[in-house]
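[1] turn this into a structure:
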Amino acid sequence: MNFSEKFASNSPFKNVEEPKKPELTEEEKKRLHAVASINYDKVESSGGVDLGTIQSTKKKEEEKETTPLKQGGYEGAADVVGAATYIPTAHMYTDMFNKIGQAAMDIEANIKNKKSKEQQQKDLAAVEAGTMTQAQYDLKYPKAKTQKYKENKDGTFSLIT
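    Below is the predicted model:
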């Protein structure tokens, strides 16, 4: 006997006996059978009374007509004959991933913007303390220029340079 056969024969479940199920009395069996045989048609048609004597064939007939095979599914090729409803979901996934990507970029931009503002505040304090000149500060943080736009004939706008 080789190693793999010895290893496979060492099962922890080899000598374990399966626990026996407790025996049910006749009364318990009848009660379980009554509960298991309740369905919606019996409850609806009987008003909740005498559920054991009512039998409905209506549901069985409906089930036969509404099987996927009867509706043209499976071998019936519902997608080919136009009976199937196809709902494309690619755009939903594209939008979802775009939103996730945009949120990640916004978070990163906010972190960088926060650090930049903190550094700018420190440099402004350095200018006031005299350890940095105003010219150095202006070179590092140029003032934003206001940009002017003109309206085109087609209703769009162009930057005036």
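[2] mind listing what residue 123 touches?
    Going by Cβ atoms under 8 Å, 6 or more residues apart in numbering, residue 123 touches 132, 137, 140-141. Heads up, the C-betas are built off the backbone N, CA and C, glycines and all.
[3] at 10 Å instead, please
    131-132, 136-137, 140-141 (Cβ atoms under 10 Å, 6 or more residues apart in numbering).
[4] which of the residues you listed count as buried?
    residue 132 (16 or more other Cβ atoms under 10 Å).
[5] output the contacts of residue 123 in a markdown table, with distance to residue 119 appended to each entry.
    As requested, those are exported to a markdown table (distance: Cβ to Cβ, whole Å):
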| residue | distance to residue 119 |
| --- | --- |
| 131 | 14 |
| 132 | 12 |
| 136 | 13 |
| 137 | 11 |
| 140 | 9 |
| 141 | 9 |
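[6] tell me the two of the contacts of residue 123 that are most distant?
    Spanning the widest gap among the contacts of residue 123 are 131 and 141, at 15.8 Å by Cβ to Cβ.
[7] now pLDDT, secondary structure and distance to residue 112 too, for the contacts of residue 123, in JSON lines please.
    What follows is the contacts of residue 123, written out as JSON lines (pLDDT from 0 to 100; DSSP: H, G, I helix; E, B strand; the rest coil; distance: Cβ to Cβ, whole Å):
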{"residue": "131", "pLDDT": "88", "secondary structure": "coil", "distance to residue 112": "25"}
{"residue": "132", "pLDDT": "88", "secondary structure": "coil", "distance to residue 112": "22"}
{"residue": "136", "pLDDT": "89", "secondary structure": "helix", "distance to residue 112": "22"}
{"residue": "137", "pLDDT": "87", "secondary structure": "helix", "distance to residue 112": "20"}
{"residue": "140", "pLDDT": "87", "secondary structure": "helix", "distance to residue 112": "16"}
{"residue": "141", "pLDDT": "85", "secondary structure": "coil", "distance to residue 112": "15"}
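[8] closest one of the contacts of residue 123 to residue 110?
    Once Cβ to Cβ is applied, the member of these that ends up nearest residue 110 is residue 141, at 18.9 Å.
[9] leaving out chain neighbours, which residue sits closest to the closest one?
    Leaving aside its sequence neighbours, residue 141 sits nearest to residue 120 (Cβ to Cβ, 6 or more residues apart in numbering; 5.9 Å).
[10] mind checking which helix or strand the one you found is in?
    Using DSSP states H and E, residue 120 sits in helix 90-129.
[11] what's the answer for residue 17, then?
    Here residue 17 is assigned to no helix or strand, by DSSP H and E.
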